[in-house]
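A.B. asks: Attaching a predicted model along with its sequence, questions to come.
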Amino acid sequence: MPQPSRLVWRSDLGWSSYSPAADADPKQGLVIHYDSADQNLANKSHSACIDYWNATRDYHVNSNGWVDIGYSFLACAHGYVIEGRGPFKQQAAQRGANDTHYSATLALGPNDPIPDEQVRAVRELRAWLMEPDTSISGDVYGHRDFNSTSCPGDAAYRMVRDGTFTKNPGDDIPDDGGGGGGGGGGDAPDWPGTYLSQPPVEHSAACETWQDRMRERGWVDSDGRELTVDGWYGPESERVCSLFQSQKGLAVDGIVGPNTWDATWEAPVT
């Protein structure tokens, strides 16, 4: 496999050609990351991805005190692979696996879309790193496989688990972005487009639908009684939501957004 079709070297950004990070020989695969905050880069020009990458390096070096940007690569929303620390360098991306695995961030948050071009960029990066000169394992992991974190977000992690990122670059990409989480009882209904949160305590049909599903999953109130389904998203609903998010490795904020909504139906019942 040749190098990625849209490869941007660090020297193209005005950085030194080689990272000052310690040498390493990461053979055991590629780890996918995200930013944790929505960036909306898919709806901006590619120059915004370059700006993001420069700003990330500045933060990692000047705020964290690291020798360089933490990641090996960025696979951006426009299909570019942008070099970070690059090949044969130790990263600062996933504790316990920084010298055994490469890292690639998608630079997106939990609600950002993952365009087909971005999926293909990850596939091209993986295939390139499997060439004899670098020879990594073809395995792809999520950051949460190594550390206690919501990274790389639920949508990207589903793609990690169902093999979307390990297919050949030219293979079709499922319309649903890689499928569901399995074992949760079926596909989630469309997210209503409104975040369920409190205060203020508000009533909605979406809240009633969510509460009913949580009761089906076996969730109870703080007194151990069957969860009330009344459409009012109050402190009890927020408590259940936060516990569910913690159990499923989601960002714990007590708010039912699109990722928590989907997990309510698709995540395994445990």
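C.D. replies: Sure thing, it's come through.

A.B. asks: How about Val256, nearest residue that isn't a chain neighbour?
C.D. replies: Distance criterion CB to CB, 6 or more residues apart in numbering; nearest residue to Val256, sequence neighbours excluded, is Leu196 at 3.7 Å. (Glycine included, C-beta is placed from N, CA and C.)

A.B. asks: I'd say the one you found and Glu208 touch.
C.D. replies: No. Contact criterion CB atoms under 8 Å: Leu196 and Glu208 do not qualify, at 10.3 Å.

A.B. asks: For the two, indicate the residue with more neighbours.
C.D. replies: Legend: neighbour count by other CB atoms under 10 Å for Leu196 and Glu208, higher for Leu196 (22 against 15).

A.B. asks: what number of residues lie near Trp261?
C.D. replies: Residues near Trp261, counting by other CB under 10 Å, number 21.

A.B. asks: Assign a three-state SS to Arg161, would you?
C.D. replies: The three-state label given to Arg161 by DSSP: H, G, I helix; E, B strand; the rest coil is helix.

A.B. asks: Please read off the pLDDT at it from the model.
C.D. replies: Listed pLDDT for Arg161 reads 89.

A.B. asks: now do Thr209
C.D. replies: pLDDT recorded at Thr209 is 92.

A.B. asks: residues contacting it?
C.D. replies: For Thr209, the contact set (CB atoms under 8 Å, 6 or more residues apart in numbering) comprises 189, 192.

A.B. asks: that's a helix at it, yeah?
C.D. replies: Yes. Thr209: assigned to a helix according to three-state DSSP.

A.B. asks: So for this protein, the centremost residue is which one?
C.D. replies: Residue closest to the mean C-alpha point of the chain, counted by CA atoms, centre = their mean, is Pro152 at 2.4 Å.
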